[in-house]
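Pasting the sequence and the predicted coordinates here, then a few questions.
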Amino acid sequence: MSTLDIFKKELNLLAAEMQRCNNSKIKNQILSDILLIQNAVIDILRTAERAIHKKI
């Protein structure tokens, strides 16, 4: 399982938890976690893109 697969699974779990949650503080924490994962995915994709361009 790749890192991106793990992130995708975690995002699905967080989204489901966000749907069930009624507490605004917890929802804010879940949103923060989602944004952290989003930023990590963006960093991974940028790193991969740079690596590809260096090989070309």
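In hand now; what should we look at?

roughly how far is the helix or strand hosting Ala15 from the heart of the chain?
Assigned by DSSP states H and E, Ala15 belongs to helix 3-20. Offset of helix 3-20 from its chain centre (C-alpha atoms, centre = their mean, to the nearest Å): 8 Å.

Just list what that helix packs against, helices and strands only.
Where contact means 3 or more C-beta pairs under 8 Å, 6 or more residues apart in numbering; DSSP states H and E, helix 3-20 is packed against helix 24-55. For the C-beta atoms, the positions are set from N, CA and C on the backbone; glycine is no exception.

now the helix it packs on and helix 3-20, what's the angle there?
160 degrees (axes from the mean of the first three to the mean of the last three C-alpha atoms, to 10 degrees).

For helix 24-55, name the packing helices and strands.
Helix 24-55 packs on helix 3-20, going by 3+ C-beta pairs under 8 Å, 6+ apart.

Rounded mean pLDDT for the helix it packs on, please.
Here helix 3-20 scores 92 as its mean pLDDT.

mind listing what's buried in that helix?
The neighbour-count check on helix 3-20 (16 or more other C-beta atoms under 10 Å) flags Leu14 as buried.

Repeat that for stretch 36-43.
Result for stretch 36-43 [16+ other C-beta under 10 Å]: buried residues Ile37.
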